[in-house]
Structures are given as structure tokens and as C-alpha cells.
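1. Please work out how this folds:
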Amino acid sequence: MNSSILINALFIFVLAGFIGFEVIRRVSPLLHTPLMSLTNALDAIAVVGALVLGTIAIVAATSNIVGGFLITDRMLKMFKSSRPAAKS
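-> Numbers count the residues shown, from 1 in each chain. I've put the predicted structure just below:
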């Protein structure tokens with residue numbers, strides 16, 4: 001069953017590559033530069049979005065780690081005895 005899924009995915013990938021190649025090949029040179037400019041702009045937007053999401057993820061993970069350490073420290077302080085230890 002896994003091999004049929006792989007073969008189908010490979011077939012779709014090759015078909016998409018062939019169709020994409022044919023579509024780009026048939027674009028006139030007059031439209032090629034604006035088309036590539038638009039494609040580059042969309043790629044740049046995707047990259048900036050990924051950087052922003054990555055930064056948000058790093059900030060969220062850092063606050064989670066720091067918050068976990070602070071809460072753990074606070075919980076450990078609750079279990080410490082306020083009385084001085086008895087000397088033997």
C-alpha cells in the first residue's frame with residue numbers, strides 16, 4: 001500500500017513539473033520579466049512571513065522555558081523548611 005502512495009505522489013510530482021515547464025516555456029519574453037518579478041515578490045513575502053513566525057516561535061518557547069523555571073523555583077521554595085535545621 002505504501003508503494004502505491006509513493007508511486008502516485010511521484011507521478012503527480014513529475015506531471016506538475018512537466019506542466020510547469022510547459023507553461024513557463026510558452027510565456028512570451030515580454031511577460032517573462034514581470035512574471036518573474038511577481039514570483040520573486042511572492043517568495044520574498046513567504047520568506048519574511050516565515051522569519052516572523054520563527055521569531056514568534058522562539059519568543060514563545062523562551063517565555064515558556066523561563067516561566068517553567070520560575071514556577072519550579074517558586075514551588076521548591078514552598079517545600080523548604082523555614083525553621084533552622086537542628087544540630088546533632
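2. by contact count, what packs against the strand or helix carrying residue 75?
-> According to DSSP states H and E, residue 75 maps onto helix 29-79. Packing contacts for helix 29-79, counted by 3 or more C-beta pairs under 8 Å, 6 or more residues apart in numbering; DSSP states H and E, involve no helix or strand. Heads up, the C-betas are built off the backbone N, CA and C, glycines and all.
3. Please compute how far that helix lies from its chain's middle.
-> Mean-position distance between helix 29-79 and its chain equals 7 Å (C-alpha atoms, centre = their mean, to the nearest Å).
4. pLDDT of it, averaged?
-> In this model, helix 29-79 carries a mean pLDDT of 90.
5. what's the answer for stretch 2-18, then?
-> 92.
6. Pull the contacting residues for residue 65.
-> Listed by C-beta atoms under 8 Å, 6 or more residues apart in numbering, the contact set of residue 65 is empty.
7. what about it, distance to residue 71?
-> 11 Å (C-beta to C-beta, to the nearest Å).
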